[in-house]
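Novice: dropping the sequence and predicted coords here.
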Amino acid sequence: MLEFITFLLAPIAYAGLAIAAVRAVQQRPSPLLQRAVAAVAVAHVALVWSVRYHGQLSEATRNGYPGFLIFHTALVAIVGAAVAAPWMARRLLVGAFAVVTLGALGAVFRYEVVAVYQIPVMLIAVGGGIALVRAHRVETGRGHPERVL
């Protein structure tokens with residue numbers, strides 16, 4: 001049951017991250033949402049460290065240090081966005097969304113334990129990516145605001 005909760009938190013945080021990033025790009029940040037996303041992401045990572053890695057750095061880095069550093073940097077960006085100024089939070093959230101998207105897509109197709117999340121992760125990746133591009137286009141004057149979300 002604890003493993004189920006551990007991995008259920010990941011797509012919840014990912015969906016929240018997508019929404020928070022889009023809202024930040026639209027110049028409508030939601031500090032409450034950003035804090036909630038950070039809390040869920042921290043809970044997910046803490047559970048992964050406990051349930052999957054048993055608190056062992058050697059387990060956490062068994063697939064290499066680059067992935068370990070990239071994902072923990074994304075976590076720091078998500079947490080940082082919860083307390084940063086809006087202009088910085090926007091950058092942190094969009095960067096974290098890009099990193100988490102690459103990692104989440106890879107994970108759901110590589111690891112059996114999270115394969116059940118393939119469709120939700122793909123929907124969040126595509127939907128979030130499209131929404132971010134559209135929001136950016138509107139904010140830079142190259143889109144049609146009446147057609148956005």
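Specialist: Great, that's in hand.

Novice: where does this protein have low pLDDT?
Specialist: 143-149 (pLDDT under 70).

Novice: give me the three-state assignment for R28.
Specialist: When the structure is reduced to helix, strand and coil (DSSP: H, G, I helix; E, B strand; the rest coil), R28 reads as coil.

Novice: now it: how far from H72?
Specialist: When CB to CB, to the nearest Å is the yardstick, R28 and H72 sit 29 Å from each other. Every residue, glycine included, has its C-beta placed from N, CA and C.

Novice: do R23 as well
Specialist: Look at R23 and H72: by CB to CB, they are 24 Å apart.

Novice: which one of those two has more residues nearby?
Specialist: Comparing R23 with H72 by other CB atoms under 10 Å, the one with more neighbours is R23, at 20 against 12.

Novice: look up phi and psi at the residue nearest to that one when sequence neighbours are not counted.
Specialist: Leaving aside its chain neighbours, R23 sits nearest to S30 (5.3 Å; criterion: CB to CB, 6 or more residues apart in numbering). Main-chain torsions, S30, degrees, to the nearest 10: phi -120, psi 100.

Novice: now S30: how far from E3?
Specialist: Shown here: S30 relative to E3, a distance of 30 Å by CB to CB.

Novice: likewise for A13?
Specialist: When distance is defined by CB to CB, A13 is 16 Å away from E3.

Novice: repeat that for M88.
Specialist: Distance from M88 to E3, counting by CB to CB: 35 Å.

Novice: equivalent analysis for V37, please.
Specialist: In this structure, V37 and E3 are 22 Å apart, going by CB to CB.

Novice: so for those two, which residue has more residues nearby?
Specialist: Regarding V37 and E3, a neighbour count based on other CB under 10 Å identifies V37 as having more, with 27 against 12.

Novice: my guess is that one meets A77, correct?
Specialist: No: V37 lies out of contact with A77 (CB atoms under 8 Å); the separation is 11.1 Å.

Novice: so what's L123 up against?
Specialist: Contact analysis of L123 by CB atoms under 8 Å, 6 or more residues apart in numbering lists nothing.
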